[in-house]
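*Asks:* Structure for the following, please:
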Amino acid sequence: MALSLPFRFATRGALGLLGAALLAGCCANDVCEADDPLADAVQLRFAKNFSVADLDTVIVLRYPKKFTNTPRPETVTLVRTPAQARDSVLLLNNDAPFSRVGNTNLGAYRYVVQYLAHPNGVNKPVTTTALVIDSIRVQGNYYKTSGCCTNYRNTGKTAYVQGRAYDLTLFPYLEVPK
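*Replies:* This next block holds a predicted model:
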């Protein structure tokens, strides 16, 4: 018996939906753990000797490690309230403080952290480089926690600052010196 073309597709579609519904049913009872959104993040902590005035404006520049036609870095200027400036932590992540470009990660860039210094009470602040991160290397893998859930685990995180390697899996942040 030959089935008309529209009836064949309708039958296959219904069977496909039924099969998908049956397979989805086995995972419906599994509660998957959420991945840690900060697993690949690098925390930067400013040294205690920074004043609130120094940290009211922080500038982060991001340079691609691969050559591009635009030699200018991407720049984010973080203007912070006095309460935020007292919080000495700045977070670099795949999508913060910069927007993510495609599927590129932290390791594709070099970072420069600057602040506006006020030497000797000068009214006009001076842009001062506090930290240059040459490279960030993040390692991780995906593992199954059940038949339906796959989670990401960070297995290594290293920052390279002026030729020195900092293992961020042992010590969770980089200190920004003044």
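*Asks:* Could you tell me the per-residue confidence at residue 124?
*Replies:* Looking at residue 124, its pLDDT is 86.
*Asks:* where's it relative to residue 144, distance?
*Replies:* Distance of residue 124 to residue 144, given as Cβ to Cβ, to the nearest Å: 57 Å. Every residue, glycine included, has its C-beta placed from N, CA and C.
*Asks:* More neighbours: the two, which one.
*Replies:* residue 144 (9 against 6; other Cβ atoms under 10 Å).
*Asks:* give me every residue that touches the closest residue to that one other than its chain neighbours.
*Replies:* In space, and not counting its chain neighbours, residue 144 is closest to residue 150: 5.4 Å by Cβ to Cβ, 6 or more residues apart in numbering. Going by Cβ atoms under 8 Å, 6 or more residues apart in numbering, residue 150 touches 142-144.
*Asks:* Kindly list the main-chain dihedrals of residue 150?
*Replies:* The phi/psi pair for residue 150 (degrees, to the nearest 10) reads phi -130, psi 130.
*Asks:* and what of residue 55?
*Replies:* In terms of degrees, to the nearest 10, the main-chain angles of residue 55 are phi -100, psi 10.
*Asks:* Isn't it up against residue 115?
*Replies:* Yes: counting by Cβ atoms under 8 Å, residue 55 does reach residue 115; the two are 6.2 Å apart.
*Asks:* Could I get the pLDDT score of residue 177?
*Replies:* pLDDT, residue 177: 91.
*Asks:* How about residue 15?
*Replies:* pLDDT at residue 15 comes out at 47.
*Asks:* With the one 3 residues further on instead?
*Replies:* Among the per-residue scores, residue 18 holds a pLDDT of 45.
*Asks:* now do the one 4 residues further on
*Replies:* Reading off the per-residue confidence, residue 22 sits at a pLDDT of 46.
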